[in-house]
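Novice: Sequence and predicted structure, then a few things I'm wondering about:
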Amino acid sequence: MNAVAPALNLAPLLDVQGVCKSFRKPDGDELVVLENVNLTLRPGEIVGLLGRSGSGKSTLLRVIAGLDEPSSGVVNYLGQSVSGPASGIAMVFQSFALFPWLTVLENVQLGLEALGVPEAEMRKRSLQAIDLIGLDGFESAYPRELSGGMRQRVGFARALVVHPNILLMDEPFSALDVLTAETLRTDFLDLWGEGQLPIKSVLLVTHNIEEAVQMCDRMLIFSTHPGRVISEIPVDLPQPRHAHDPRFRALIDRVYVEMTARPRGEPRTGARTERFAGTGIGTQLTHVSSNVLTGLLEAVHEAPYNGRADLPAIAEEQHLEVDDLFPAAEALQMLRFAEVEGGDIRLTEPGQEFARSETDERKRLFARHLITYVPLAAHIRRVLDERASHSAPRSRFIDELEDYMAEDAAEETLRTIISWGRYAECFAYDDNRQAFTLENPA
């Protein structure tokens, strides 16, 4: 554990109260990214913000760091409202964010230069931070000469050199390969546990469930669209933690259960909740290829799962991250090929039939479910059937979608429908003409 254990009776370093964040869309409506977020961070603890992409976690970090303003609510740091970049709060980014024309030493010194630290003190502290993070000897190297792991160590050193009270980490290991990320996580936890890091607390954004359980004292689970805290899970395992410890695995299972739980009041239909009831096309879709959907159906259907699988187990077996597994599972649920609940995925009878069938029958089954259960696909097919030319421009549908969601979400939703429609042979899409047609389907 950290040399400075978290104490519940200590005043929080950070207190976030009722923070909301929204952005104005081109049509004038507001896109709500964060809704009524509350959290505290006390000395001596690592708190994880865990959720899928689109849950507003990185946006929240920017608000806490004073790099962005909340639409409402307040962020208090050491009892004072944050109204701009706060001294004592530093951030490590997912991208290494280094200046390629500066050496390791010069990149690390940047934060101290901004604070006006005398040159001799600045050099001394920077060299100490470089040595602490394991880059002694690379002071004169440029970022292009370093591996990804070494570049991220420079990012850590640059954040630590200012001796912040709070270190914000925005998915700092996600751009690294598995072995490099594990090494850097372990080194960080060793330094934290030995009290060598010049920080008091850490706020970690991640979508890697094992990473959160390995590193954090508490995990806050975020929903999406909009992002809000839906659950808090304490982690009372001593460090170092081991992935094969039954208690470790039990916590991972609990996170999956919380992240797949239906919101209160949502009907148990197996379908994804329509975000804009009554429009028929307003459900925002995450792009998942038909190959991924087919592979997941086959994996759950086969032994040892035989139609029902524990999500953590299937994620580990198929090497799927949360942002890959959950959209695929939700797509299968929307198509009525599977049901997801309690951290498990269970194939329905049509899902079992799909997994047993040959390619042509799979396509026919997928087409039937796509048109029946995905309103946007049915809408496109209906428009094509009704027109004498059996064609319609892409702009006709993207404009409709942008009435209900942000531009990038509309683009991804339509890209998903194009991919699924092509696989099912429900309709064709000509990218040169930017048009949907019925030329290829039977």
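Specialist: Yep, it's here.

Novice: what's the burial count for the residue lying closest to Arg247 once chain neighbours are set aside?
Specialist: Spatial nearest neighbour of Arg247, chain neighbours left out: Leu237 (5.8 Å); criterion: CB to CB, 6 or more residues apart in numbering. In this view, the C-beta of every residue, glycine as well, is placed from N, C-alpha and C. Leu237 has 17 neighbours, counted by other CB atoms under 10 Å.

Novice: Look at Leu237 and report its pLDDT.
Specialist: The model reports Leu237 with a pLDDT of 91.

Novice: Could you break the protein into its assigned domains?
Specialist: Domain assignment for the chain by automatic domain parsing gives 14-88+164-260, 290-437.

Novice: Could you save those as TSV and add columns showing distance to Ile133?
Specialist: Listed next are these as TSV, based on distance: least, CB to CB, whole Å:
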stretch	distance to Ile133
domain 14-88+164-260	8
domain 290-437	26
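
Novice: of those, which approaches Glu139 most closely?
Specialist: Nearest to Glu139, of all the domains of the chain, is domain 14-88+164-260, at 18.6 Å by CB to CB.

Novice: how far does that closest one stretch from start to finish?
Specialist: By CA to CA, to the nearest Å, the extent of domain 14-88+164-260 from end to end equals 29 Å.

Novice: And the domains of the chain: which comes nearest Glu119?
Specialist: domain 14-88+164-260 (19.9 Å).

Novice: For Gln214, see how far away the residue nearest to Arg247 is.
Specialist: Applying CB to CB, to the nearest Å, the value for Leu237 to Gln214 is 9 Å.

Novice: now do Pro143
Specialist: 28 Å.

Novice: show me the contacts for Val92.
Specialist: Residues counted as contacts of Val92 (CB atoms under 8 Å, 6 or more residues apart in numbering) are 152, 155-156, 159, 167-170, 172.

Novice: one more time with 7 Å, if that's ok
Specialist: Applying CB atoms under 7 Å, 6 or more residues apart in numbering to Val92 gives the contacts 155-156, 159, 167, 169-170, 172.

Novice: Redo the residues you listed as TSV? Include neighbour count, pLDDT and distance to Arg422.
Specialist: What follows is the contacts of Val92, written out as TSV (neighbours: other CB atoms under 10 Å; pLDDT from 0 to 100; distance: CB to CB, whole Å):
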residue	neighbour count	pLDDT	distance to Arg422
Gly155	22	84	41
Phe156	26	84	44
Ala159	23	84	45
Leu167	24	89	46
Met169	25	88	40
Asp170	22	88	36
Pro172	27	82	38
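
Novice: okay, among the residues you listed, which ones form the most distant pair?
Specialist: Phe156 and Asp170 (12.4 Å).

Novice: Read off the pLDDT value for Asn36.
Specialist: At Asn36, pLDDT is 90.

Novice: Outside of the helix or strand harbouring it itself, list whatever touches it.
Specialist: When elements are assigned from DSSP states H and E, Asn36 belongs to strand 30-41. If you take CB under 7 Å, 6+ apart as the criterion, strand 30-41 is touched by 12-25, 47, 56, 59-60, 166, 201, 203, 220, 226-229, 406.

Novice: Chain neighbours aside, what residue packs nearest to Pro234?
Specialist: Arg218 (5.4 Å).

Novice: picking up where we left off before, mind listing which of the contacts of Val92 are in strands?
Specialist: 167, 169-170 (DSSP state E).

Novice: quick one: the residue nearest to Arg247 from Ala243, how far?
Specialist: From Leu237 to Ala243 the distance is 11 Å (CB to CB).

Novice: And Ile46, by the same measure?
Specialist: Distance from Ile46 to Ala243, by CB to CB: 17 Å.

Novice: Arg123 now?
Specialist: Distance from Arg123 to Ala243, by CB to CB: 41 Å.

Novice: the more surrounded of those two?
Specialist: Between Arg123 and Ala243, Arg123 has the larger neighbour count (other CB under 10 Å), namely 16 against 11.

Novice: quick one: what helix or strand has that one in it?
Specialist: helix 119-132.

Novice: in that helix, what counts as buried?
Specialist: Buried positions in helix 119-132, judged by neighbour count with 16 or more other CB atoms under 10 Å: 122-123, 125-130, 132.

Novice: Burial check on Arg433, number of neighbours?
Specialist: Arg433 has 11 nearby residues by other CB under 10 Å.

Novice: Remind me which helix or strand it belongs to.
Specialist: Assigned by DSSP H and E, Arg433 falls outside every helix and strand.

Novice: Report the separation between it and Ser389.
Specialist: Applying CB to CB to Arg433 and Ser389 gives a distance of 12 Å.

Novice: and what of Val213?
Specialist: 56 Å.

Novice: out of these two, which sits in the more crowded spot?
Specialist: Between Val213 and Ser389, Val213 has the larger neighbour count (other CB under 10 Å), namely 25 against 9.

Novice: so what's Val117 closest to, chain neighbours aside?
Specialist: Nearest non-adjacent residue to Val117 (CB to CB, 6+ apart): Arg125, at 7.3 Å.

Novice: Leu112 is in contact with that neighbour, correct?
Specialist: Yes. With contact defined as CB atoms under 7 Å, Arg125 and Leu112 form a contacting pair (6.4 Å).
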